[in-house]
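>>> Give the three-dimensional model of this entry:
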Amino acid sequence: MYLAVDGGGSKIVAVMYTDDMRLVCKARSGGVNITQNSPEDIAAHITDCVGQLKPFLSVPLRVDEVFIGDRDRFEKELRETADVESIRQIPEPVAGLYAGACRQSGLLALSGTGSDVFIIRDGKVSGSIGGWGPVMGDQGSGVWIGLQAMRAVCRQSNGWGEKTLLMDLLSEFYGTPLNKYPPPYVVKSAAPYAIAAKLVPLVAKAAYANDGVALDIFRRAGEDIGRQIEALITRFGPTEEREIVLCGGAWKAHPLMRESCQAYMRRIDERFTLRPPCFEHVLAGPALRLLEKGMSELEVKLTLADRFPDMIIDAGGLFA
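This next block holds a predicted model:
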């Protein structure tokens, strides 16, 4: 029996399946990355996830793990509950390419809670840009988008910023007017960046209402990712790759982010195309196991689409 696990800033997801890719069970809980979650919340989320799996853990497991967070705690709780034969760690960007395009080489642009971009060759990262975390970097990430929204509201509150729908949306979210002071629990929170990341849907709501400030946030997010991809290719190329596989939830918030990034890249070379991921990140393990059996990229895509249809993100990418 196999277990695929994806743990990160916003969630932990686990999928248990058989050798012929038949789903046994799924589990999902909150985030496990310390930069966005308190230690107490991480412990609770891990216990919850393993608890959901527990009724099915009567057979030995081979685990494929993509984990940005307290991996030791998760593995300890899993081993206490199940007979774990092996645990294979898959680096997050490599996993993004496996699940996103079912291939072992290519360009990947990750924008979730954090952000960075990668050149991957034969299942290994050969170059990367970004990954500095929310204090020093993560431009274009979910946290960055949320922080821009908070800062725009603060500017408007102080009388030197453009008026934006975000004022009302964030005031409603926090349950207090933001026309003078920020909500105290944001300033004093043990995990303020988790709060920022949760604002992305509100920024998207404002952008879909044609709010200029929100639209500008998504435009800048896409361009910042584009600048990082340009730097990546300059530093770690040359590469003939012109398809950029996307990874992470921030890309789903509003199409302007993807459009502005693609426009930036096409000013460099008109052949550049940004492609949404085929499957959820957690299917990196199953994709790799099928590739190791000698399946082609297309065969892997069709098999995963047949066995895990509810985990398809972009059906159009299955035949690209």
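>>> which residues does the residue nearest to residue 221 when sequence neighbours are not counted contact?
With sequence-adjacent residues excluded and distances taken as Cβ to Cβ, 6 or more residues apart in numbering, residue 221 is closest to residue 140, at 4.2 Å. C-beta here means a position set from N, CA and C on the backbone, and glycine is covered the same way. Residues counted as contacts of residue 140 (Cβ atoms under 8 Å, 6 or more residues apart in numbering) are 111, 115, 220, 221, 222, 224, 225, 228, 250, 257.
>>> Redo these as TSV? Include pLDDT.
As requested, the contacts of residue 140 are exported to TSV (pLDDT from 0 to 100):
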residue	pLDDT
111	94
115	92
220	98
221	98
222	98
224	97
225	97
228	97
250	93
257	97
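>>> Restricted to helices, list those.
Using DSSP state H, the subset of those located in helices is 220, 221, 222, 224, 225, 228, 257.
>>> Domain boundaries for the protein, per the record?
2-99+279-319, 103-277 (automatic domain parsing).
>>> and the first one, how far from the chain's centre?
Read that as domain 2-99+279-319. Its chain's average C-alpha position is 14 Å from that of domain 2-99+279-319, according to Cα atoms, centre = their mean, to the nearest Å.
>>> Please apply the same query to stretch 307-320.
Counting by Cα atoms, centre = their mean, stretch 307-320 is centred 17 Å from the centre of its parent chain.
>>> next one: stretch 154-169
28 Å.
>>> Any idea how far apart the tips of that stretch sit?
Criterion Cα to Cα, to the nearest Å; first-to-last residue distance in stretch 154-169 is 13 Å.
>>> Tell me the buried residues in it?
Neighbour-count burial for stretch 154-169, with 16 or more other Cβ atoms under 10 Å as criterion, is recorded at 154, 156, 157, 164, 165, 166, 167, 169.
>>> In helices, which of those fall?
154, 156, 157, 166, 167, 169.
>>> Assumed the residue nearest to residue 221 was part of a strand.
No: looking at residue 140 with DSSP: H, G, I helix; E, B strand; the rest coil, it is coil, so not inside a strand.
>>> quick one, phi/psi of it?
phi 80, psi 0 (degrees, to the nearest 10).
>>> you'd agree residue 128 is up against residue 232?
Yes: using Cβ atoms under 8 Å, residue 128 makes contact with residue 232 at a distance of 7.1 Å.
>>> Mind checking which of these two has more residues around it?
Using other Cβ atoms under 10 Å, the more surrounded residue of residue 128 and residue 232 is residue 232, with 23 against 18.
>>> which residue sits closest to the more buried one, ignoring its sequence neighbours?
Sequence neighbours aside, residue 129 is the residue nearest to residue 232 in space, at 4.4 Å (criterion: Cβ to Cβ, 6+ apart).
>>> Low-confidence regions, the stretch 201-320 of the chain specifically.
Scanning the stretch 201-320 of the chain for pLDDT under 70 picks out the ranges 317-320.
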